[in-house]
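Enquirer: Provided below for reference: sequence and predicted model.
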Amino acid sequence: MNKNIHHEFSYQSRELGIQIEDTLGDPPDYKNYARVITSLVGEFSRGIEIDDVNLLSFALADYLRFDDPAGLLMQCKQYEGGNPSKVIEMVSCTDREAAKALATVAAKNPDLARKAIITAFLFKNPKHWSDEDNSLEELEAEEDDKNNIVDDEEKVAPAQDFMDLFDTREDENG
């Protein structure tokens, strides 16, 4: 993981991906997904107080345009205490209702808006912050590590107390 990204933003971004996958379902139901997004955007634009970073980022992720990716990346270092107005200025919305939702939340809870914007940015732009090494050597090393774990697990013998549970002879079970 990138050292310039606060671990909570990394976590929130992964959770957002899971939330989107769960909402879409398998097979993906895009109509249901659109209804959920429309509902959430409507709730936020009406000023309903939902103090949840992931729900706001979920509602806005498809509508946000990240006008200053480098600036947003710089804002990812702090989860608490960042500069909301600066982050809000780095995005625009492609939908009027989503823009209203963002403005409403930003007025009432600017830090929630900041966190949601950064979470959506990280989710939509994993190449900007993911430090995963996908080289052949790294993948082979990971595979070797996985195989070693399996080999170590096979060497473990069950404890005598565990074995006694299955001993039906009831003679001299120590």
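Expert: Received the coordinates, thanks.
Enquirer: low-scoring stretches of the protein, by residue?
Expert: 1-3, 127-174 (pLDDT under 70).
Enquirer: if we use 90, what do you get?
Expert: Along the chain, the parts satisfying pLDDT under 90 run over 1-8, 10, 25-28, 48-50, 74, 76-83, 94, 125-174.
Enquirer: which stretches in it count as helices?
Expert: Secondary structure of the chain (DSSP state H): helices located at 7-24, 30-45, 53-60, 69-74, 84-89, 96-108, 110-124, 136-155, 160-165.
Enquirer: got a list of contacts for the fifth one?
Expert: Which is helix 84-89. 68, 71, 72, 75, 102, 106, 110, 111, 113, 114, 117, 118 (C-beta atoms under 8 Å, 6 or more residues apart in numbering). The C-beta positions use only the backbone N, C-alpha and C, and glycine is treated the same way.
Enquirer: tell me the one of these nearest residue 36?
Expert: Within those, the smallest distance to residue 36 is 17.5 Å, found for residue 102 (C-beta to C-beta).
Enquirer: hmm, the closest one is touching residue 112, no?
Expert: No: here residue 102 does not reach residue 112: they are 10.5 Å apart, not a contact under C-beta atoms under 8 Å.
Enquirer: higher neighbour count, these two?
Expert: Between residue 102 and residue 112, residue 102 has the larger neighbour count (other C-beta atoms under 10 Å), namely 26 against 21.
Enquirer: what's near enough to touch that one?
Expert: Contacts of residue 102 by C-beta under 8 Å, 6+ apart are 44, 60, 64, 88, 91, 93, 113, 117.
Enquirer: how much space between the fourth one and residue 6?
Expert: So the one you mean is residue 88. Separation of residue 88 from residue 6 (C-beta to C-beta, to the nearest Å): 18 Å.
Enquirer: fine, thanks again, bye for now.
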